[in-house]
Each structure stands twice: as structure tokens, then as C-alpha cells.
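Asker: Using only what follows, build the 3D model:
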Amino acid sequence: MASSANGTHSVNGTHAIHAGLNGTSHTVRRPLTAGIYAPIPTFFQSETEDLDLESLKLHVVRAAKAGVRPLIAGSMGEAIHLTHNERIQVIQAARKALDDAGLDEIPIIAGTGAGSTRETVELCKEAAGAGADYTIVIASGYFAGVLATHKPALKAFWTEVAEKSPIPVVIYNYPGASGGIDLDSEVVTELAMECPNLAGIKLTCGSVGKLTRICGTVSDSSFSSLYPRKNPDAPFLVLGGFADFLVPSTYANAHGAITGLANVAPFTIAKLFELSQASLNDPSLLPEAQRLQVIVSRADYTVAKASISGTKKLLEKLYGYGGLPRKPLPPIEPAAFDALWAHPDVQDIVRVERELGGKASS
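Answerer: As a prediction, the model looks like this:
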């Protein structure tokens, strides 16, 4: 059991929340389910680079109310720029914001990747204590020259982390942030079968073929009975790392996406997932899903090239908060942002987002 400073105790994704002087509590289950997750940016004070937790709280609640669940301290959250204590602070702030908004059923995934297996496990324990329900773990790319082609070492890494983490672990496959380490479908399916505390994978490699092959195993109806999870609330999900192939991934029996674009356009991405899923039972919805997928795919491609600094600047333009990344990441140049904002792909998704957001609030 891990304890947090906000009065919760967590055991494999189930939290007992204590309230009142008499120590009464109620249990909140926060299952990991198919859907859209956003890697939430970490916001910083412009002059000091100290954490801006108020903007983080505001953004987490905004996304959650639009149907998007938070991933804290991931790549978009500049986890590599955060100390252990800062990771704890952002997780605690997100949990408190959700609870205060009456959204205590919303789970939090926290990034806990680090240089060594030992530190990664330590961060998993700290995240659980801070109120995270699940972790997402990337392999460090510092020694990618050794690890990238060393299948036993890669399997040993996620196996040990999953065994020692007090909360379920999602594999994070992102070659661009791990020195080119790119897990193949065989490694992933073997890990899924062998490690009952693994709860899925995020495929930021963007390979639809790999996603399809993995789903062929883990989305089969027999998988959960043959390879039961340690925590039944944490099935093995296959999640894309972009929103630009949500419709194809739905038809490959995948489970959604963890996508940075959901920070900018949460209503739009949530609606696309909803339509994609519904079209499985009602084919008449597929044309509308395909139409929206084109808008999302174009925006995802354009915004992703602007990276963290561009995403933060878009948030500032749209919602009034965003700020700068931590150094050494540079801010987006004013001329580059003007071009980004004026780009037809961005204007199209902003228009759709405003339409859907307006309908949701009316």
C-alpha cells in the first residue's frame, strides 16, 4: 500500500479516500478503460521556471470535462526536466484538481521512466504514493547502442519494473525519445503474456501494422482468461501515440490513443473516438468518423511538428495559459507560431473544437 499527502491510500488502482475527523473513508475504483488520454504539459512560471500548478489544475479539469483523461509527467509533460519531488507535486496537484471538481473517478497515469531500472521502480512507488493509479514507462535511450538490439535486456527491464511497481504499468514505445529503441510486436506480446502487472502499451512509433499484430493477441476474447491481469481493473490496452489513425486502430480492435493533440482539441478527439467505436455497430456513422479523422490527422501532423513549445503556445492562444518549456528547450519563434496558427489544418480543428465545445456546454 502507498500513502499520499492528499489523504488517499492506493492499492493497484483502487483508492480509499479519507475525510473528516472520524477517519471515515470511501473506496473509489478507477479502472483503466479504452478511450482518449492526453499527456498533460507541465506548466512553469515564466520568470523562475518554478512549477505553475494552478494552470496544471485548470488544464487537467478542462480536459477531463471534455472526455479526456490525464497522463502526468510524460514526454509532453517534460518529465526529463522534473525532479522526483516535482513529479510528486504535479501528480498530487492533478489528483486534487480532479477530486475537487467532483471527478474523483478519473484515473491518473503518471510517467515514471528514468535512467536505470532501480530509479524507475523508485519513481513507480513515489507516483503511487502521490495518487497515480497507473504508470507509463519508457526505456532510457542513453545506452541505446547496447539495449536496442538486446531483447533479453529489454524484456528484463519491463518485467522487473512491472513486478516491483505497486500499480499497473503501461509500456511506452517511443523510438524518438529513447535513442531509437523500438519494441517489435513479438517482444510486446511476450511481455503482455508473461507480466500480469502490465496494463498496455502506447505506440508512439506510429506503426499501424505493429498495433494490428499486438491486438491480434491481446484483444482476442481468450486473452484475459489465459493471461489474467494482477489487477482486473487494468486490462492490457493497445493505445496509439497519435490521433491520426484512430479510425484504422478501432477496426484493428485497439483501445484509443494517448495523444498530445487532445490538449488542444479534447472535444474533437473524444468525439472522433466515440464515432469510431459507434461505427462498429452502426456503419452509417463511418463516413462522419472518416471525415473527422481527416481533419484530426492533418492537425496532428502539423501541430506535432511544433512540438511542446508550439502546443503550449496554442494553449495560451486558445485558453490563456501555456507558457514556455523548461530550458534548454527553446520557445517557438513568433513568426513560426503565427504560421502555425494561420495554417488551414490548425484553423480547421479549432473551428470543429469550438463547435463541439459549444454544443457540450449548451
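Asker: Which residue, other than its chain neighbours, is closest to residue 38?
Answerer: Nearest non-adjacent residue to residue 38, counting by CB to CB, 6 or more residues apart in numbering: residue 262, 3.8 Å away. In this view, the C-beta of every residue, glycine as well, is placed from N, C-alpha and C.
Asker: Just the element for the one you found, please.
Answerer: Residue 262 belongs to helix 261-264 when elements are defined using DSSP states H and E.
Asker: what's the following helix or strand after that helix?
Answerer: Sequence order places helix 266-279 as the next helix or strand after helix 261-264, per DSSP H and E.
Asker: Return the set of buried residues in that next one.
Answerer: For helix 266-279, a neighbour-count test (16 or more other CB atoms under 10 Å) marks 266-273, 275-279 as buried.
Asker: okay, residue 1: pLDDT?
Answerer: pLDDT, residue 1: 43.
Asker: got it, and residue 210?
Answerer: Note for residue 210: predicted pLDDT of 97.
Asker: now residue 8
Answerer: On the pLDDT scale, residue 8 is placed at 50.
Asker: returning to that earlier point: surely the residue nearest to residue 38 and residue 36 touch.
Answerer: Yes - between residue 262 and residue 36 there is a contact under CB atoms under 8 Å: 5.4 Å.
Asker: what touches both of the two?
Answerer: 68, 243, 269, 270 (CB atoms under 8 Å, 6 or more residues apart in numbering).
Asker: quick one on the thing from earlier: which one's more surrounded, residue 262 and residue 36?
Answerer: residue 262 (31 against 26; other CB atoms under 10 Å).
Asker: Show the contacting residues for the more buried one.
Answerer: With CB under 8 Å, 6+ apart, residue 262 has these contacts: 36, 37, 38, 63, 68, 243, 269, 270.
Asker: hang on, the earlier thing: closest to residue 320 out of the shared contacts of residue 262 and residue 36?
Answerer: Closest approach between the shared contacts of residue 262 and residue 36 and residue 320, by CB to CB: residue 68, at 18.6 Å.
Asker: for that closest one, what are its contacts?
Answerer: When contacts are counted by CB under 8 Å, 6+ apart, residue 68 touches 35, 36, 37, 38, 262, 266, 269, 270.
Asker: One more pass at 7 Å, please.
Answerer: Residue 68 is in contact with 36, 37, 38, 262, 266, 269, 270, counting by CB atoms under 7 Å, 6 or more residues apart in numbering.
Asker: ok, how many other residues are close to residue 47?
Answerer: Counted with other CB under 10 Å, the neighbours of residue 47 add up to 6.
Asker: Give me the contact list for stretch 94-106.
Answerer: 6, 17, 28, 30, 56-57, 60-61, 64, 69-70, 72, 108, 131.
Asker: Swap in 8 Å and give it another go.
Answerer: Outside stretch 94-106, the residues that touch it by CB under 8 Å, 6+ apart are 4, 6, 8, 17, 28-30, 40, 56-58, 60-61, 64-65, 69-70, 72, 108, 130-132.
Asker: same deal with stretch 302-310?
Answerer: 41, 76, 78, 242, 260-261, 264, 311, 313-314, 324-325, 329-332, 336-337, 340, 343, 345-346.
Asker: what do you get if the cut-off is 6 Å, keeping everything else the same?
Answerer: Outside stretch 302-310, the residues within contact range by CB atoms under 6 Å, 6 or more residues apart in numbering are 261, 325, 331, 332, 340, 343, 345.
Asker: average pLDDT across it?
Answerer: Average pLDDT, stretch 302-310: 97.
Asker: got the end-to-end distance for that stretch?
Answerer: 10 Å (CA to CA, to the nearest Å).
Asker: in that stretch, what's buried?
Answerer: So, applying 16+ other CB under 10 Å, buried residues of stretch 302-310: 302, 303, 304, 306, 307, 308, 309, 310.
Asker: now the residue nearest to residue 38: how far from residue 60?
Answerer: Distance from residue 262 to residue 60, counting by CB to CB, to the nearest Å: 12 Å.
Asker: out of the contacts of residue 68, which one sits closest to residue 52?
Answerer: For these, the nearest to residue 52 is residue 38 (17.3 Å; CB to CB).
Asker: Contact partners for the closest one?
Answerer: Counting by CB under 6 Å, 6+ apart, residue 38 makes contact with 63, 68, 262, 263.
Asker: next one: residue 265
Answerer: By CB under 6 Å, 6+ apart, the contact list for residue 265 reads 349, 353.
Asker: where along the stretch 251-362 of the chain do the strands fall?
Answerer: Taking DSSP state E, counting those that start in this stretch as the test, the strands found in the stretch 251-362 of the chain are 256-258.
Asker: Any stretches of it with poor pLDDT?
Answerer: The stretch 251-362 of the chain contains residues with pLDDT under 70 at 362.
Asker: In it, what residue spans correspond to helices?
Answerer: 261-264, 266-279, 286-304, 307-319, 334-342, 344-361 (DSSP state H, counting those that start in this stretch).
Asker: which SS class is residue 31?
Answerer: Under DSSP: H, G, I helix; E, B strand; the rest coil, residue 31 falls in the coil class.
Asker: Next one: it relative to residue 233, how far apart?
Answerer: Following CB to CB, the distance that separates residue 31 from residue 233 is 4 Å.
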